[in-house]
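Peer 1: Okay, predicted coordinates and the sequence, questions at the end:
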Amino acid sequence: MNRITNQMINNTMNYNLQRHQSEMDRIQNSLATGKNVNVPRDNPIASTNQMLYHTRLTEIDQFISNLNESKSRLDEVDTALQSTLRIFQRIRVLTVQGANGIYTSFELKEAAATEINQLLDELVAIANSKGATGRSIFGGHQTGTEDQPNPWVPIYQTLTAGNQGDAMIGVEYRGNIGKLKREVSKGEYMDVSVPGNEVFWATNQILTSNKDVAAYTAPTNQSIKVDGREISISAGDNIDIIIDKINNAGLSIRASKGGRNNLIMETTTPHQIWLEDVGSGTVLKDLGVLNPNFPEPPNNIDPTVTIGGMSIFEMVIQLRDDLVRGDQELIGGRDLGLIDMGLENILKHISAMGARTNRVEELAKRSEFEKSNVTTMLANTEGIDYAETIMNFKWLESVHRYALAVGARSIMPTLMDFLR
Amino acid sequence: MPSTFMGLEIGKKGLMTHQQALHTTGHNISNAENKEYSRQRVVITAADPLYVPALNRSNVPGNIGQGSVVASVERIRDSFIDDRIMVEKNNAGYWKVRNEFVYQIETIYNEPSEESVRNRLDELWKSWEELSKYPEERSTREVVKEKAINLSHEVNYTYNQLYELRLNANRQIEARVNQLNMYGKDIRDLNERILKAEALGDNPNDLRDRRDALIEKMSELVNISVGRSDKDETIVYISGENFVQGEVFHPLAVEMDQTNDGLFKVVWKDTGRDVDIKHGEIASLIDIRDKVIRQNINDINSFAVNLVDLTNEVHRDGFGRRNETNIDFFRHLVISDNVDGNFDLNNDGLNDVTAIFKVSGNNRIDASAAIGINGTLTFVNNTELESNVQIDYNASDTALTIIKKINDAKLGVVAYMNHNGQLALKATTAQDVDKKNFMIRHLEDSGQFLVGLTGILKQSGPQGAFDYRRINDIIKFLPGREHITITPKFNPAAHMAVSESIMMDVDRISAARGKDVGGTGDVNTSNGIGDGSNALRIAHIRHKNAMVDTNTTFNDFYTAVISRTGTQGEEAKDRVKNQETLLKNLGNLRESISGVNLDEEMSNMVAFQHGYNAAARVITTMDHMLDTIINRMGV
């Protein structure tokens, strides 16, 4: 049998009391903070999970914020396009009336021209409309600087025909084709804007170069950008190969060779063709498409190129001029057709925006759902079960009480108490 | 025929014996709460009887008893238990210190909480996303700047705290060695006194208790063993070498180790040889200092340098609000004082290495296309041996498979495709000395992979190889200086900060990407003020496996550091608990043998007191006897 000494009893008692107290301290700490892990050692796996969940939560929060912002950007575009649609309906009424030969007298023509001029101003104002942050929404990445606040710049001239006074004769696009991107879920990006030269374009654009390039071969390896897509051209590529490369780049542009061995590029959806020679490349200039003196887009097309197709502004201007001239045939034929094409284009963009808005909403729902999932998981690993913890604490407390009571009795009596 | 007064003598002996026994009992009781004390027992034996067998002895029957004497005062102790306690204390010391230090590391990281590097990093990524939404605004730029400053401060703070902790461990090593020397000296002195006492035939029990206590304290500090076989010499060994041998004491000393950042190493003071320390607090401190904290410092440094470099890499390509480009977002302090990366590694006043951290190739390549060429890449391992490692590639390999081969080889150089689709090679932390962290050691290609295909080196073969042991070797690289990053200054985490030019003007933060205007061959014009795509690309770094050597994202890398520390902490905590329980049990075992039980002492006291009283009664009886003889006989 082991000998027991007073110190052993003492040690054991102290050891146990200490153990209880450190455990009570731990429980009391977790009860006070509501967290079961205060330093990673408490539970390394739970603590790393918590970190991952926290990071994930900030990520999801960011996505939700991005989605909300995307939605308002898309709404801004949608509002502008709906207004355009309304104006277009009015223009269409005027066109139909014009085609029916209603505007016969000079006054009537003048009135119609004045109305159309006002509608034109309104259209340009919409195309230059600003979003919530005061920035142009249809300028691509060109959202406005001091020297160039608006992406669409109307050109005015005094017109005597129809007594119009200062009237618009053209509108130039000074924005670019950049699209605003938002990260809407991990590594997934969505365009939340559409450049003005895609929306406010009525017809397919056709660029017909007037240069015979049958003998042309690219002098060096270089690349060109068509609608922002980089296409690499190797040294020695002739016109046919270049056309092939453009057609295979997956763009809504069809290139072809004209009868005079000239390059013809035509869009398959209404928008402005955006052409650039990358770096020191010269292919597009050599092909007679780009203006060597002003090679930077927009408005960099060589003056010799025949440009077909127009923006909706040019189309409306043409309509107005036709109305003033009273050319019923053109109004009822060409102009009405063009207006319908422009309308169609705008409707297409409206529905595209609508689809994107739907997607944003779906993603937002998904993100919210994920957020609540992650929050639950976080709460599960981070938070304590109060009932359970308090139960444990109570249990510990009673054990501690027993230990104290028994300890107090067991160290008290010694032989000395019974000696005389 | 015995003397008349013999009975008195026996009585006196009885008195003295029991008095001694009572004294020892009193000594035991007074030391009942002394933890170092082992109970003592008076060994009472019968005195040598009359007469010695000889022919001249008196012719009476039997040996006549002569009462009792105290033969010795024994110490009751089991040295086998002492040895076991020594071993366990040794372990306990190791884990106790480790536990304390890992706990401090955990509190430095302050995870899981909102005030941590991870949280600041999350905030920074968020701010880049916000900037990508509103690139025109100054306010979003200010937020990016502030969040980056916050993160930098947090990284600086974490580094500084870790560094302080490392120095603290170092200082503690010195303090512990001094303590050890003090114990050694005390043991030597005790040895001397014990030997003298024993030479006189005494039992210096209390001195032995003190020596045992000192040895036990020493065992917490360092792995010792005790030789008790030689009666005249108690020997204390540290790793089998004599620390104290009888009256000879070999002190230890600390010496600055130049191969280890001038931190202390423990040596024998007399010979200057290293002491082989395996367990105990000192070993734990050395482990903590040179492994645990060093690893954490290296990790936070890699984290900082990679974050700085990757952010800058993308940032330099972008454009600020007023068309500014080629601007570093984070400050990158370089190790060398010249643009060629020449650096004096061995501190002899002359540059001797070319310190390059990263180089990106000139050519954009399709990483998943077969390369169609054969060759062998040669690297130098980042260990002390610096042996050559060769990696073959053949025509059917793609850049991605070669990257995988390089990264899997763990050479201290990792490869990845950068955001521009170029191959980039960058250095990781060194395995031999921290001074060589983040230096590419050797690059050589027998074929055209690094040369013609990716455009990293100018020439293939040994003559075109880059080697850090030569100065001016930066000329072996093909790309311009803007694609080569010189090795950062030591401990980049300590210097991490937002660059001066961003601090002065947040408009320079590159939110936009650009294009080449005017055929200069270089991207030189911003896409426009509304372009936030570069900010988005920087925000995208968070999803990339940017810590190439571990193939993790920044967040995962950092989380892994925390999880490692947490696991170390949990282990240390459990081990300390185990050792405590073990030591408590062993202590009780020893206490059971050597401890003082008051009840036992009391009952002994009663017995001895009665013995004493009885012996006094014997003398009284003798007195009466003599009284009868002297006064009553009436002669």
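Peer 2: Sure thing, it's come through. Computed from a prediction, not measured in an experiment: that's the story for all the values here.

Peer 1: quick one: stretch A:73-82 near chain B?
Peer 2: No - using Cβ under 8 Å from any Cβ of the partner chain, stretch A:73-82 stays clear of chain B, coming no nearer than 8.6 Å. For the C-beta atoms, the positions are set from N, CA and C on the backbone; glycine is no exception.

Peer 1: What lies in contact with that stretch?
Peer 2: Applying Cβ atoms under 8 Å, 6 or more residues apart in numbering or on different chains, the external contacts of stretch A:73-82 come out as A:126-127, A:129, A:131-132, A:137-138, A:180, A:182, A:192-194, A:199, A:346, A:349-350, A:353-354, A:356-357, A:360.

Peer 1: Spell out the residue ranges of the strands in the stretch 51-200 of chain A.
Peer 2: A:152-159, A:165-173, A:181-185, A:188-191 (DSSP state E, counting those that start in this stretch).

Peer 1: Next, the buried residues of the second one.
Peer 2: When burial is assessed from 16 or more other Cβ atoms under 10 Å in any protein chain shown, strand A:165-173 yields the following buried residues: A:Ala167, A:Met168, A:Val171, A:Tyr173.

Peer 1: Centre of the chain to it, how far?
Peer 2: Computed by Cα atoms, centre = their mean, to the nearest Å, the chain-centroid distance of strand A:165-173 equals 31 Å.

Peer 1: which helices and strands sit right next to that strand?
Peer 2: helix A:106-127, strand A:152-159, helix A:312-325 (3 or more Cβ pairs under 8 Å, 6 or more residues apart in numbering or on different chains; DSSP states H and E).

Peer 1: which helix in chain A runs the most residues?
Peer 2: Identified as the longest helix of chain A according to DSSP state H is helix A:44-99.

Peer 1: Could you tell me the angle between that one and strand A:181-185?
Peer 2: Following axes from the mean of the first three to the mean of the last three Cα atoms, to 10 degrees, one obtains 130 degrees for the angle between helix A:44-99 and strand A:181-185.

Peer 1: residues in contact with the closest residue to A:Pro298 other than its chain neighbours?
Peer 2: Distance criterion Cβ to Cβ, 6 or more residues apart in numbering or on different chains; nearest residue to A:Pro298, sequence neighbours excluded, is A:Tyr173 at 5.2 Å. Shown in contact with A:Tyr173 (Cβ under 8 Å, 6+ apart): A:Pro151, A:Trp152, A:Gly196, A:Asn197, A:Gln272, A:Pro298, A:Asn299, A:Ser311.

Peer 1: again, only this time at 10 Å
Peer 2: A:Tyr173 sits next to A:127, A:138-140, A:142, A:151-153, A:195-197, A:200-201, A:272, A:274, A:297-299, A:311, A:313 when contact means Cβ atoms under 10 Å, 6 or more residues apart in numbering or on different chains.

Peer 1: Buried only: go through these for me.
Peer 2: So, of the contacts of A:Tyr173, A:127, A:138-140, A:142, A:151-152, A:195-197, A:200-201, A:272, A:274, A:297-298, A:311, A:313 end up buried under the neighbour-count rule (16+ other Cβ under 10 Å).

Peer 1: Sitting in helices, which of those residues do you find?
Peer 2: Judged by DSSP H, the buried ones among the contacts of A:Tyr173 include A:Ala127, A:Gly196, A:Asn197, A:Phe313 as members of helices.

Peer 1: of the contacts of stretch A:73-82, list those near chain B.
Peer 2: Among the contacts of stretch A:73-82, the ones lying near chain B by Cβ under 10 Å from any Cβ of the partner chain are A:Gly131, A:Ala132, A:Ile137, A:Leu180, A:Arg182, A:Val192, A:Ser193.

Peer 1: Show me how to select, in ChimeraX, the buried members of these.
Peer 2: To isolate the buried members of those in ChimeraX, using 16+ other Cβ under 10 Å:
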select /A:131,137,180,182,192,193
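
Peer 1: Using a markdown table, lay out the ones next to chain B among the contacts of stretch A:73-82 together with pLDDT.
Peer 2: Shown next, in a markdown table, are those (pLDDT from 0 to 100):
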| residue | pLDDT |
| --- | --- |
| A:Gly131 | 85 |
| A:Ala132 | 83 |
| A:Ile137 | 89 |
| A:Leu180 | 87 |
| A:Arg182 | 90 |
| A:Val192 | 89 |
| A:Ser193 | 88 |
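
Peer 1: Just the ones next to chain B among the contacts of stretch A:73-82: which are in helices?
Peer 2: Residues from these lying in helices, with DSSP H as the criterion: none.

Peer 1: and the ones next to chain B among the contacts of stretch A:73-82 as JSON lines, adding distance to B:Thr550?
Peer 2: Formatted as JSON lines, those follow (distance: Cβ to Cβ, whole Å):
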{"residue": "A:Gly131", "distance to B:Thr550": "42"}
{"residue": "A:Ala132", "distance to B:Thr550": "43"}
{"residue": "A:Ile137", "distance to B:Thr550": "43"}
{"residue": "A:Leu180", "distance to B:Thr550": "35"}
{"residue": "A:Arg182", "distance to B:Thr550": "30"}
{"residue": "A:Val192", "distance to B:Thr550": "35"}
{"residue": "A:Ser193", "distance to B:Thr550": "38"}
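
Peer 1: Pull the number of nearby residues for the residue in the stretch 201-350 of chain A that chain B sits nearest to.
Peer 2: Closest residue of the stretch 201-350 of chain A to chain B, Cβ to the nearest Cβ: A:Ser280 (3.8 Å). For A:Ser280, the neighbour count with other Cβ atoms under 10 Å in any protein chain shown is 13.
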